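Visitor: Pasting a predicted model and its sequence here:
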Amino acid sequence: MSTETVMWVVVIVGVTVPAVGFCWVRRRRGRLRERFGPEYERAVAVESDRRAAEREARASRTRSGRLDVRPLAPEARRGYAERWRAVQERFVNEPGPAVSEADLLVRAVMAKRGYLTEDFAQRVSDLSVRHSRTLDHYRQAHEISGRAAGGWVSIQELRHAMTQFHVLFDDLIGTDAQPEEVASRGHDR
């Protein structure tokens, strides 16, 4: 091979390899953004290092893949929905305890579905894979619930916590309920 040919090969490889690498990284980043939604941006902001945040997101996905997350049976969904209504009714007279109970109910649903529930950070990490769009709601509710257990919190904050817990609760039980609900509405007409 001539020197000129070798130089052209080196130039072509020198341009092509970084371009392919750049495209691969952008595509992987795009998939993570799509998969984790707002949770991806939050992780990048908290980490202040995009690569570290992306590593953690991939690790969460791997850990979550090892969990035996399963949908709820229709009877379980109905039972949890009834328990949620009871918590909401309790909120009228006992808002603080009702918020704590809502937190426990969300954890009970998570455990029934197959998520690990011992540690809040682990719960958030595991939920980020399948429920990333509702995680900020969960963080807010959990933070208010923790403050309510330790002292005084305004009724407005407690109401906000209930609303935020409800968003995740609906996501945990509601996504599986949709086909059955649509089918039953069709029979009622």
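Guide: Okay, I see it. Numbers count the residues shown, from 1 in each chain.
Visitor: Show me the contact partners of the one helix or strand Glu75 maps to.
Guide: In the assignment (DSSP states H and E), Glu75 maps to helix 74-93. Contacts of helix 74-93 with the rest of the structure, by Cβ atoms under 8 Å, 6 or more residues apart in numbering, involve 72, 97-99, 101-102, 105, 108-109, 112, 158-159, 162, 166, 169, 173, 176-177, 180. In this view, the C-beta of every residue, glycine as well, is placed from N, C-alpha and C.
Visitor: buried subset of those residues?
Guide: Buried residues within the contacts of helix 74-93, defined by neighbour count using 16 or more other Cβ atoms under 10 Å: 72, 98-99, 101-102, 105, 109, 112, 158, 162, 166, 169, 173, 176-177.
Visitor: Those residues: which two are farthest apart?
Guide: Spatial extent of the buried ones among the contacts of helix 74-93 (Cβ to Cβ) is set by the pair Leu158 and Asp176 at 28.5 Å.
Visitor: Skip the chain neighbours and tell me the closest residue to Ala98.
Guide: Phe91 (3.9 Å; Cβ to Cβ, 6 or more residues apart in numbering).
Visitor: Repeat that for Arg70.
Guide: Arg70's closest residue in space is Gly114 (Cβ to Cβ, 6+ apart), at 5.4 Å.
Visitor: Next, give phi and psi for the one you found.
Guide: phi 110, psi 10 (degrees, to the nearest 10).
Visitor: Tell me the predicted confidence for it.
Guide: Listed pLDDT for Gly114 reads 88.
Visitor: Next: the one 10 residues further on.
Guide: Val124 is assigned a predicted lDDT (pLDDT) of 81.
Visitor: and if you look at Trp24?
Guide: Per-residue pLDDT puts Trp24 at 66.
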